[in-house]
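Asker: Predicted model and sequence follow; I will ask about them next.
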Amino acid sequence: MSNKSSSSTWAITLFCFGVLMAALDNGIISAALTTINSSFDVSANWGAWGVTIYTLGLAISIPIVGKISDRYGRKKLFIVEIALFGLGSLLVALSPNFGFYLAARFIQAMGGGGIFIIGSSHVLSTFPAEKQGKALGMLGAMNGIGAILGPNLGSAILDITGNWHFLFLINVPIAVILAVLGALKIQETREPSVGKLDLIGTILLSLAVLSIMYGLTNIEGASLLESLAIPDVYGFLLAGIVLFTGLIFYDRSLESRNGDPILPVSLLVRPTYLLTLLIGALSGALLAGMIFIPAFSEQVLGIAAENSGYWMTPLALASGFGAAFGGILVDKKGPILAVFLSGLITAIGFVLFPTWIDLKWQFIISSCIAGLGMGILLGAPLNILATERLEKDKGSALAGLSLSRQIGMTIAPAIYAGFIVRGFNQLPSLFQSDFSKILQKKMESADLSPEAMQEFQQVVSTMSTSHPSSNTDYAKVVEQIQDPTLKEVIQSSVDQITLMAAQDGYGGLFYSTVVIAALVVLLAIILEPIRSRALQQKA
């Protein structure tokens, strides 16, 4: 094996492990949020900042790392990012109080945010064109598998150790090994820089991204339109838009003076790149839809909460296979076909959730189809489209793509949660309209003793007086029932009403993901002639 081939193998291996580590950590914390909140004695609202601050840190670091990795070298930045992530993980594990914990999570995010971009830009700069798709597919597979399996791994470590600190301490030796091997084995690559680093642009970009992302995280899914009128939403969104507009004017001026802007404005006038960013945002929204699949398995299929994460394993494996397959497909047939097939397969997978799934084996098949489609989109095709025809600024182009995906992942959960909340808000009307019919049918088939029938009359009298209107209210009624058969009949009726509300809420969620996947297909069709003309002009 030649030195160059050996160096490429080492590089892609180390980048894959780095991407997997960062992606796993982003999901691991969800399994321990309640435990962490209890250990610091903070409310769930405050505890959610452990996730929010990480998201904000990612959003800030992504575009900056993309630029400076091009300028100062991807090997150096990989080592710095890994070291920051390891340091942040250690500080999180040793946090003496909640404020220290949040600061440590931010340091973690500043380290974890750029690993995928650095690895992708290294591949695009060093690998031959016919092998880039396969390598990017491997990186995408690690990203997808890590994000989906993170909660599973977190639950397993928490069960084994009983201590949330180990969730983060485990990153430290891995980070040390990756940093040492990266220094020894990765070949340095960089792009020629022009002038000084754009410090003013960097500050403007950081503040703009911080404002927009903070505004988006404050959106409430249950009252989406109303939340847009909250100052913490519209105020920060407007401030971010103003700052971003100022950044564009400033960097356009800098670019005209042959400077090296943090945001290359020339990228933003490329139709292919803009459409790729839009698809990237939609891919983030689709990825966010998968976050709700464990809750769907609990509330619709009745899978125990402690086991729901494990049922994500087929989806994660299918996602990894899809990313690898997508990379090969890009090398053989080009990125547009991969994007088209990804949207089509994902739409088929998601439409099965509300229309077909009744049993667990159907859930596995549907998860695998959705995971396969999403996996194709996670790795190679969008990265290739974002950097096609670029002689420089590949890191910046990939950073913009990652940021657009992060925005999609931030907005979509609020919308999805709104569907679920609205579904469960129908419980009072469902209890009033359907509960008596369902109960009557179950009573007809139940073998109740005379004593149970007498108790049933008492229950009916109690309900007509207290007017229960939610599953919680009915649970209080059920608790007081003495006859086990009668209790089972009424409880199963309550469960059926709750299931109807859950199916309606999750149905809205999954139908919306089908629409998003269809938009990906449509954008792929629109992008094909635009890309073809751009490639012909270059030729």
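Answerer: Sure thing, it's come through.
Asker: who's in contact with the spatially most central residue of the chain?
Answerer: Nearest to the geometric centre of the chain sits residue 288, at 4.3 Å (Cα atoms, centre = their mean). Each residue near residue 288 by Cβ atoms under 8 Å, 6 or more residues apart in numbering is listed here: 408, 409, 412, 413, 416. Yep, even glycine has a C-beta here, placed from its N, CA and C like the rest.
Asker: Check which helix or strand the first one maps to.
Answerer: Following DSSP states H and E, one finds residue 408 within helix 394-424.
Asker: pLDDT averaged over that helix - what is it?
Answerer: Mean pLDDT, computed over helix 394-424, is 88.
Asker: which helices and strands sit right next to whichever helix or strand comes after that helix?
Answerer: Going down the chain from helix 394-424, the next helix or strand is helix 427-445, by DSSP H and E. Judged by 3 or more Cβ pairs under 8 Å, 6 or more residues apart in numbering; DSSP states H and E, the packing partners of helix 427-445 are helix 484-538.
Asker: ok, and the closest non-adjacent residue to the residue nearest to the centre of the chain?
Answerer: Distances taken as Cβ to Cβ, 6 or more residues apart in numbering put residue 412 closest to residue 288, at 3.9 Å, once the chain neighbours are dropped.
Asker: same thing with residue 331?
Answerer: Counting by Cβ to Cβ, 6+ apart, residue 331 lies nearest to residue 133, which is 3.8 Å off, once chain neighbours are set aside.
Asker: I'd guessed that neighbour sits against residue 328; true?
Answerer: Yes: Residue 133 lies in contact with residue 328 (Cβ atoms under 8 Å); the separation is 6.5 Å.
Asker: between the two, who's got more neighbours?
Answerer: Between residue 133 and residue 328, counted using other Cβ atoms under 10 Å, residue 133 has the larger neighbour count: 28 against 14.
Asker: what packs against the host helix or strand of that one?
Answerer: Assessed by DSSP H and E, residue 133 sits inside helix 129-161. Packed against helix 129-161 by the contact rule (3+ Cβ pairs under 8 Å, 6+ apart) you find helix 3-28, helix 115-126, helix 166-169, helix 271-290, helix 313-333, helix 360-378, helix 380-387.
Asker: Pull out the buried positions in the fifth one.
Answerer: Using 16 or more other Cβ atoms under 10 Å as the test for burial, helix 313-333 gives 314-327, 329-331.
Asker: What of the shortest one?
Answerer: Residues of helix 166-169 classed as buried by neighbour count (16+ other Cβ under 10 Å): 167, 168, 169.
Asker: one step back: what would the helices and strands packed on helix 129-161 look like in JSON lines with distance to residue 529 and mean pLDDT?
Answerer: Rendered in JSON lines, the data for the helices and strands packed on helix 129-161 read as follows (distance: least, Cβ to Cβ, whole Å; pLDDT from 0 to 100):
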{"stretch": "helix 3-28", "distance to residue 529": "33", "mean pLDDT": "82"}
{"stretch": "helix 115-126", "distance to residue 529": "24", "mean pLDDT": "87"}
{"stretch": "helix 166-169", "distance to residue 529": "48", "mean pLDDT": "90"}
{"stretch": "helix 271-290", "distance to residue 529": "11", "mean pLDDT": "93"}
{"stretch": "helix 313-333", "distance to residue 529": "17", "mean pLDDT": "89"}
{"stretch": "helix 360-378", "distance to residue 529": "21", "mean pLDDT": "93"}
{"stretch": "helix 380-387", "distance to residue 529": "14", "mean pLDDT": "92"}
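Asker: Dump the ones you listed to JSON lines, plus distance to residue 208.
Answerer: Shown next, in JSON lines, are the helices and strands packed on helix 129-161 (distance: least, Cβ to Cβ, whole Å):
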{"stretch": "helix 3-28", "distance to residue 208": "23"}
{"stretch": "helix 115-126", "distance to residue 208": "18"}
{"stretch": "helix 166-169", "distance to residue 208": "30"}
{"stretch": "helix 271-290", "distance to residue 208": "15"}
{"stretch": "helix 313-333", "distance to residue 208": "31"}
{"stretch": "helix 360-378", "distance to residue 208": "26"}
{"stretch": "helix 380-387", "distance to residue 208": "20"}
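Asker: Ok, which of those helices comes nearest residue 534?
Answerer: Nearest to residue 534, of all the helices and strands packed on helix 129-161, is helix 271-290, at 5.5 Å by Cβ to Cβ.
Asker: Pull out the buried residues from the closest one.
Answerer: Here helix 271-290 shows 272-273, 275-290 as buried, counting by 16+ other Cβ under 10 Å.
Asker: Hey, what's the angle from that helix to helix 313-333? Just curious.
Answerer: Interaxial angle, helix 271-290 versus helix 313-333 (axes from the mean of the first three to the mean of the last three Cα atoms, to 10 degrees): 160 degrees.
Asker: to the chain's geometric centre, what's the distance from helix 271-290?
Answerer: Helix 271-290 has its C-alpha centroid displaced from the chain centroid by 12 Å (Cα atoms, centre = their mean, to the nearest Å).
Asker: just stretch 287-305 next, same as before
Answerer: Here the centre of stretch 287-305 is set off from its chain's centre by 15 Å, with Cα atoms, centre = their mean.
Asker: ok, now stretch 526-539?
Answerer: That offset, for stretch 526-539, works out to 31 Å (Cα atoms, centre = their mean).
Asker: go on, stretch 393-402?
Answerer: Chain-centre distance of stretch 393-402: 18 Å, with Cα atoms, centre = their mean.
Asker: ok, and what's touching that stretch?
Answerer: Applying Cβ under 8 Å, 6+ apart, the set of residues contacting stretch 393-402 is 62-67, 69-70, 74, 113-114, 116-118, 120-121, 124-125, 191, 262-264, 267, 273, 276-277, 280, 382-383, 386-387, 390.
Asker: could you redo the last one with a cut-off of 7 Å?
Answerer: Stretch 393-402 is contacted from outside by 62-63, 65-67, 69-70, 116-117, 120-121, 124-125, 264, 267, 273, 276-277, 280, 382-383, 386-387, 390, using Cβ atoms under 7 Å, 6 or more residues apart in numbering.
Asker: what does stretch 170-177 give?
Answerer: Contacting residues not belonging to stretch 170-177 are listed as 21, 25, 82, 83, 85, 86, 89, 90 [Cβ under 7 Å, 6+ apart].
Asker: Good, wrapping up.
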